[in-house]
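Trainee: Show me the folded form of this:
(one chain, ligands or ions: 3)
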Amino acid sequence: MPELRKDPITGRWVIISTERRKRPSAFRLNYVEPLDEVVCPFCEGHEEYTPREVLSYRRSGSANGPGWDVRVVPNKFPALEVEGHLDRQGEGLFDKMNGVGAHEVIIETPDHTASLATMPAAAVERVLWAYRERVLDLKQDTRFRYILIFKNHGAAAGASLGHPHSQLIALPVIPRNVRDEISGARRHYEHKERCVYCDIVRQELDSRVRVISENADFVAVSPYAPRFPFETWLLPKRHGANFEDAPRHEYESLARMLKDTLLRMNRALESPPFNLIIHSAPFTEAAGEYYHWHLEIMPKLTKVAGFEWGTGFYINPTGPEEAAEVLREVNV
Ligand SMILES: [Zn+2]
Ligand SMILES: [Zn+2]
Ligand SMILES: [Zn+2]
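Mentor: Ligands and ions are numbered 1, 2, ... in the order given. Down below sits the predicted model:
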């Protein structure tokens with residue numbers, strides 16, 4: 001019998017469908033879709049193909065030339081424009097504003113064939129550090145209320161270039177999914193005077209059934225009500241609302257845990273395409289007490305279809321206890 005489970009933060013329902021139960025091997029889709037590129041604009045030596053960099057960590061050379069380890073550039077085809085005033089108006093009921101925002105690309109390595117799973121942990125840490133530096137800079141722009149950092153890996157997950165990269169979008173509004181988490185966390189806090197994510201960390205470490213791995217600062221879990229098979233959350237053990245305010249050693253721990261988790265997914269699920277997002281508190285909201293930043297990884301193994309669009313809840317063929325067990329037992 002399928003089971004309906006409710007996410008304790010957002011109240012979102014999912015159906016864990018045991019009838020449709022799938023072992024990891026059953027997901028073996030044709031997800032190896034090499035992205036063909038004539039000239040990769042993100043490779044070292046091709047700096048002229050991108051807009052001018054806003055940040056780089058370098059071994060040698062100077063801005064917009066070779067010699068970098070991590071490079072951040074504005075997106076050539078931005079979803080939102082960085083120039084201009086924020087102008088909010090509407091027609092009666094209908095709200096609109098002009099598309100002000102920042103859209104940047106974090107080129108994670110000069111090596112076209114590398115990945116966060118295979119790069120040294122120190123190189124992954126540099127990428128996280130670049131995220132942090134860009135957030136701290138963009139946060140000063142009063143037009144923005146939220147910054148989303150995300151990564152699409154593989155064509156099926158929406159990546160259009162094969163070179164390892166992630167993206168950052170600064171928005172003049174707070175996205176709906178973040179709103180839902182914030183309101184859920186606030187409700188829990190008002191009721192129990194505790195952070196719901198801290199409660200989840202404590203309970204998961206206690207029962208261990210959904211824990212994938214753990215280090216000094218982070219725990220990787222399959223959430224209780226996952227939307228997608230093998231959805232994984234990396235939760236900091238220490239309470240903190242904002243990713244960019246974490247102490248330095250946490251980035252090092254996160255880098256090791258992120259690399260480890262992606263390696264486990266690669267081995268168990270044959271290098272699946274995936275989306276990765278960082279959820280952090282909006283700048284404009286005093287969410288320090290009740291919100292708890294975290295990172296979510298969603299391997300792209302199933303398709304979102306009519307039922308999901310129609311209901312806002314998801315059918316997941318792999319229970320989180322099983323997913324955690326599979327990932328936990330991978331030899332890394
Ligand atoms: Zn490249
Ligand atoms: Zn917390
Ligand atoms: Zn989240």
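Trainee: Report how many residues lie close to the closest residue to ligand 2 within the stretch 1-150 of the chain.
Mentor: In the stretch 1-150 of the chain, the residue that lies nearest ligand 2 is I9 (11.2 Å; C-beta to the ion). C-betas here are computed from N, CA, C, even on glycine. The number of residues packed near I9 is 23, by other C-beta atoms under 10 Å.
Trainee: Kindly report the same for S17.
Mentor: 17.
Trainee: okay, it: pLDDT?
Mentor: Per-residue pLDDT puts S17 at 83.
Trainee: That one against Y314, yeah?
Mentor: No. Between S17 and Y314 there is no contact under C-beta atoms under 8 Å: 9.9 Å.
Trainee: Please, where are all the helices along the chain?
Mentor: Using DSSP state H, the helices of the chain run over residues 121-138, 176-192, 196-207, 248-269, 306-311, 320-328.
Trainee: Could I have the CA atoms of the fifth one written out in CSV?
Mentor: The C-alpha trace of helix 306-311 is given here as CSV (Å, rounded to 0.1, in the frame of the first residue of the first chain):
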residue,chain,number,x,y,z
GLY,A,306,0.3,16.2,-14.6
PHE,A,307,-0.4,14.8,-11.2
GLU,A,308,2.4,16.8,-9.6
TRP,A,309,1.5,20.0,-11.5
GLY,A,310,-2.1,19.5,-10.6
THR,A,311,-1.7,18.7,-6.9
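Trainee: Next up, the contacts around the closest residue to A220 other than its chain neighbours.
Mentor: The spatially closest residue to A220, leaving aside those adjacent along the chain, is I212, at 4.2 Å (C-beta to C-beta, 6 or more residues apart in numbering). Going by C-beta atoms under 8 Å, 6 or more residues apart in numbering, I212 touches A220, V221, S222, T232, T261, R264, A324, L327, R328.
Trainee: For the third one, grab the count of nearby residues.
Mentor: Which is S222. 26.
Trainee: picking that back up, nearest to R88 among the helices of the chain would be which one?
Mentor: helix 176-192 (17.2 Å; C-beta to C-beta).
Trainee: Could you verify my assumption that H46 touches G65?
Mentor: No. If you go by C-beta under 8 Å, H46 and G65 don't touch, sitting 10.8 Å apart.
Trainee: So which bits of the stretch 51-200 of the chain are right by ligand 1?
Mentor: Residues of the stretch 51-200 of the chain found near ligand 1 (C-beta under 5 Å from the ion) are H112, H163.
Trainee: Strands of the stretch 51-200 of the chain, start to end?
Mentor: Ranges of strands within the stretch 51-200 of the chain are 55-58, 68-74, 88-91, 94-97, 102-107, 146-153, 165-171, based on DSSP state E, counting those that start in this stretch.
Trainee: So in that sheet, which strands flank the third one, and in what orientation?
Mentor: So that's strand 88-91. strand 94-97 (antiparallel) (DSSP bridges).
Trainee: Show the average pLDDT along the partner strand.
Mentor: Taken as a whole, strand 94-97 has an average pLDDT of 77.
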